[in-house]
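Asker: missing the sequence, but the structure's below:
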């Protein structure tokens, strides 16, 4: 059973109990009156009990009360008293009693229903007033308050209990906002004239505590079911926010007029447009700049001044504006009514409605054609000077580095020779290393001299009829030591038939040798390099050098043959060379009447260089390629030597072993860390420009380990500027030696 049902049951039980009490009281009263009344009117007091029962519980209680009361009074007050004489029933009395009680029950039930409905209407009215968002006060015909809702309490400052019965003029105290004079209460007129009344604007309500707020209100008479005025209802609301909006709009209007004046007098063209591109405003400066009058431009699409090739910019601008973005100093091209193109700077701002929705755009346009030609000439000059200076400094630093690289193993092998005594194997290896590194230095110097000769048109080709295969054989012989040292696989694919060219044998071999060296340099150990040649018709041969190495970024492919250009100088690449090899290759190929192109799918996708050369059909004189040997050595002490130049590492290991040290070798940063943890050397001779991890990072990681704090770490590098030494010190090196190393200084540091 629900709580509501339980409550109803309890109410009915109470009603029945009270009905029974009413019967007892009615019978008792008749008993008390019996000496006076005798046998007359024996049932008269029961009518009151029946009426009370109807009021308490309706007919459900009144009917039992009617029956019980009749039985009790019949037994007590109708002769023969103290019993029931059914042989002489008082039919008339019973009918009269029943009829009277029925009328009492009927009218009582009707009255109760009417009261319930009236109560429900009053409750509905009260709840409605309480739930209205506006303040509501109701009065009687005298203008005294009979009810007010919570909003009215809040606005007037009067509580419900304090306001009841008070005159409306006292609670609802209003004055004119401007004159501060009292204003007639609208409820008074509504009561007097029986019409709906609204106040004029600028009315202020003075609260009970003296505070003020502007209001908007109205009053209407309350009429009863007969159409007579029975009271008045007053409805009012706080319009502080509305007044603020009105003041803001007035301020905005003033600001808009001021802005319109500024826009019209501005030296910059100012244009507004809708999101669909329709021009809405066009100031005088826009007329001057574009040659269209306001009448000619307003209502037209903005494409009126946009070149066809620039029309796509409009879609991008609209997209960004719709996202609420402002576009500043966007330089582009527009054209005038006479078709003349001009360079302009645009500042574009979104126009928004009161809800914050973007509905259009405002453009400030400035002609920067002349200025652009001048921020461009100066920029180009500055860029050229900066690039020239950067390349000069980079070239000088690279030159010093590349000259030191071969000097390091040469210096080491000189010391080996001094200390080798009669050890023929060591002497032979030392001689081969010195010879190989000297050849590298000669190639560097020759490249510099050749580039200088080509730049000043002083290089002459010694042409003769040569066979392509012999030229390639010589180039491969020159590059083979570098390729083998890196563990790379070289594949050569040449046509079965002989191909002849009229060329300088040595210079052409230099071309292919430089290309092979370049591929070796930018391909990781164990990578693949291929050299292939094929005829293209009867007049041309194509020679391709391909690798699966670092590749060429798309933005570098067009500048790969520029002087001093190197694609990747990052520390995880084993870099060498001056950045002039490809420049020299291109010039030499062109001097042979050919051309060269670079191809690459992108970084880490390998690269390909294709040389196009004219061929001849007559037999050619074959040049004999010159080879230089290369040998490797392995070594074994508690000094770890880390250098990606294997000759440099091997030669230094020999030198240190001859002087009684135990050596270990590593050729990249990761291998260095593994070897240090494995062998725990006392000294690490560490190159800086290492693959995978550079020397600075290796040193920092060693110093982070508890066992690495006491290891003596010395930098051996071709970089010797003050900044290089500072960076080594910051990384944790104990010393910084520049290649070729002074062996006495090294021994001093080891000591």
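Answerer: Sure, I can see it. Model, not experiment: these values are computed from the prediction.
Asker: which residue is nearest the middle of the chain?
Answerer: The centroid of the chain falls nearest to residue 323 when counting by Cα atoms, centre = their mean (13.3 Å).
Asker: how close does that one get to residue 347?
Answerer: The gap separating residue 323 from residue 347 is 17 Å, by Cβ to Cβ, to the nearest Å. C-betas here are computed from N, CA, C, even on glycine.
Asker: now do residue 653
Answerer: 66 Å.
Asker: between those two, point out the one with more neighbours.
Answerer: residue 653 (27 against 16; other Cβ atoms under 10 Å).
Asker: assign a three-state SS to that one, would you?
Answerer: Under DSSP: H, G, I helix; E, B strand; the rest coil, residue 653 falls in the helix class.
Asker: ok, now residue 692?
Answerer: When classified by three-state DSSP, residue 692 comes out as coil.
Asker: OK, contacts around it?
Answerer: Residues in contact with residue 692 (Cβ atoms under 8 Å, 6 or more residues apart in numbering) are 572, 668, 669, 670, 671.
Asker: cool, residue 82 as well?
Answerer: 75, 76.
Asker: considering the contacts of residue 692, which possesses the most neighbours?
Answerer: Busiest of these [other Cβ under 10 Å] is residue 669, holding 25 neighbours.
Asker: could you report the separation of the closest residue to it other than its chain neighbours from residue 665?
Answerer: Excluding its sequence neighbours, the residue lying closest to residue 669 (Cβ to Cβ, 6 or more residues apart in numbering) is residue 693, at 2.6 Å. Separation of residue 693 from residue 665 (Cβ to Cβ): 16 Å.
Asker: run through the stretch 451-600 of the chain and note the low-pLDDT ranges.
Answerer: 451-459, 563-579 (pLDDT under 70).
Asker: let's see 80
Answerer: For the stretch 451-600 of the chain, residues meeting the criterion pLDDT under 80 lie at 451-460, 559, 562-581.
Asker: in it, mark out all the strands, start to finish.
Answerer: Under the criterion DSSP state E, counting those that start in this stretch, strands of the stretch 451-600 of the chain are mapped to 464-467, 489-493, 500-503, 528-536, 540-547, 595-599.
Asker: what are the buried residues along the fifth one?
Answerer: If I follow you right, that is strand 540-547. 541, 543, 544, 545, 546, 547 (16 or more other Cβ atoms under 10 Å).
Asker: quick one on the thing from earlier: any chance of JSON lines for the contacts of residue 692, columns distance to residue 259 and secondary structure?
Answerer: Shown next, in JSON lines, are these (distance: Cβ to Cβ, whole Å; DSSP: H, G, I helix; E, B strand; the rest coil):
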{"residue": "572", "distance to residue 259": "58", "secondary structure": "coil"}
{"residue": "668", "distance to residue 259": "66", "secondary structure": "coil"}
{"residue": "669", "distance to residue 259": "63", "secondary structure": "helix"}
{"residue": "670", "distance to residue 259": "65", "secondary structure": "helix"}
{"residue": "671", "distance to residue 259": "70", "secondary structure": "helix"}
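Asker: ranking the strands of the stretch 451-600 of the chain by burial, who's on top?
Answerer: strand 500-503 (a mean of 22; mean count of other Cβ atoms under 10 Å).
Asker: packing partners for that strand?
Answerer: Strand 500-503 is packed against strand 464-467, helix 468-485, strand 607-614, with contacts defined by 3 or more Cβ pairs under 8 Å, 6 or more residues apart in numbering; DSSP states H and E.
Asker: compare the ones you listed and report which one is nearest to residue 679.
Answerer: helix 468-485 (23.3 Å; Cβ to Cβ).
Asker: got the buried residues for the closest one?
Answerer: 468-483, 485.
Asker: what's it packed up against?
Answerer: The contact analysis (3+ Cβ pairs under 8 Å, 6+ apart) places helix 468-485 against strand 489-493, strand 500-503, helix 505-521, strand 528-536, strand 540-547.
Asker: direction included, what does the first one pair against?
Answerer: When sheet partners are counted by DSSP bridges, strand 489-493 sits next to strand 528-536 (parallel).
Asker: all helices of the stretch 601-750 of the chain, in order?
Answerer: Listed in chain order, the helices of the stretch 601-750 of the chain (DSSP state H, counting those that start in this stretch) span residues 646-658, 669-679, 695-704, 722-731, 743-750.
Asker: mind giving me CSV with the ones you listed and columns for distance to residue 104 and mean pLDDT?
Answerer: Shown next, in CSV, are the helices of the stretch 601-750 of the chain (distance: least, Cβ to Cβ, whole Å; pLDDT from 0 to 100):
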stretch, distance to residue 104, mean pLDDT
helix 646-658, 127, 87
helix 669-679, 111, 92
helix 695-704, 106, 94
helix 722-731, 112, 86
helix 743-750, 128, 73
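Asker: could you check the pLDDT of the nearest residue to residue 687 once chain neighbours are set aside?
Answerer: Leaving aside its sequence neighbours, residue 687 sits nearest to residue 643 (Cβ to Cβ, 6+ apart; 4.3 Å). With respect to pLDDT, residue 643 scores 93.
Asker: residue 643 and residue 649 touch, don't they?
Answerer: Yes. With contact defined as Cβ atoms under 8 Å, residue 643 reaches residue 649; the gap is 4.1 Å.
Asker: what sits in contact with each of those two?
Answerer: residue 667.
Asker: counting neighbours, go ahead and name the busier of those two.
Answerer: Using other Cβ under 10 Å as the criterion, residue 643 and residue 649 rank with residue 643 on top: 30 against 25.
Asker: just for the stretch 51-200 of the chain, where's the confidence low?
Answerer: 82-93, 112-133, 198-200.
Asker: how about a cut-off of 70?
Answerer: Using pLDDT under 70, the stretch 51-200 of the chain drops low at 86-87, 89, 118-132, 199-200.
Asker: what of the stretch 201-350 of the chain?
Answerer: Scanning the stretch 201-350 of the chain for pLDDT under 70 picks out the ranges 201, 225.
Asker: helices along that one, start to end?
Answerer: Under DSSP H, counting those that start in this stretch, the stretch 201-350 of the chain gives helices at 240-265, 284-290, 294-297, 312-322.
Asker: need the ones you listed in JSON lines (columns: mean neighbour count and distance to residue 535).
Answerer: Output for those, formatted as JSON lines (neighbours: other Cβ atoms under 10 Å; distance: least, Cβ to Cβ, whole Å):
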{"stretch": "helix 240-265", "mean neighbour count": "11", "distance to residue 535": "72"}
{"stretch": "helix 284-290", "mean neighbour count": "19", "distance to residue 535": "61"}
{"stretch": "helix 294-297", "mean neighbour count": "14", "distance to residue 535": "65"}
{"stretch": "helix 312-322", "mean neighbour count": "15", "distance to residue 535": "46"}
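Asker: can I get these in JSON lines with distance to residue 737?
Answerer: JSON lines is the format used below for the helices of the stretch 201-350 of the chain (distance: least, Cβ to Cβ, whole Å):
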{"stretch": "helix 240-265", "distance to residue 737": "70"}
{"stretch": "helix 284-290", "distance to residue 737": "66"}
{"stretch": "helix 294-297", "distance to residue 737": "74"}
{"stretch": "helix 312-322", "distance to residue 737": "57"}
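Asker: looking at these, which is nearest to residue 38?
Answerer: helix 240-265 (80.2 Å).
Asker: list the contacts for residue 641?
Answerer: Contacts of residue 641 were listed using Cβ under 8 Å, 6+ apart, and they are 649, 652, 653, 656, 663, 664, 665, 666, 685.
Asker: repeat for residue 725
Answerer: For residue 725, the contacting residues are residue 736, by Cβ under 8 Å, 6+ apart.
Asker: from the chain's centre, how far out does stretch 673-692 sit?
Answerer: Centroid separation for stretch 673-692 versus its chain: 42 Å, with Cα atoms, centre = their mean, to the nearest Å.
Asker: for it, buried residues please.
Answerer: Buried residues in stretch 673-692 (16+ other Cβ under 10 Å): 673, 675-676, 679, 681, 683-692.
Asker: longest helix in this structure, please.
Answerer: Secondary structure of the chain read by DSSP state H shows that its longest helix is helix 369-420.
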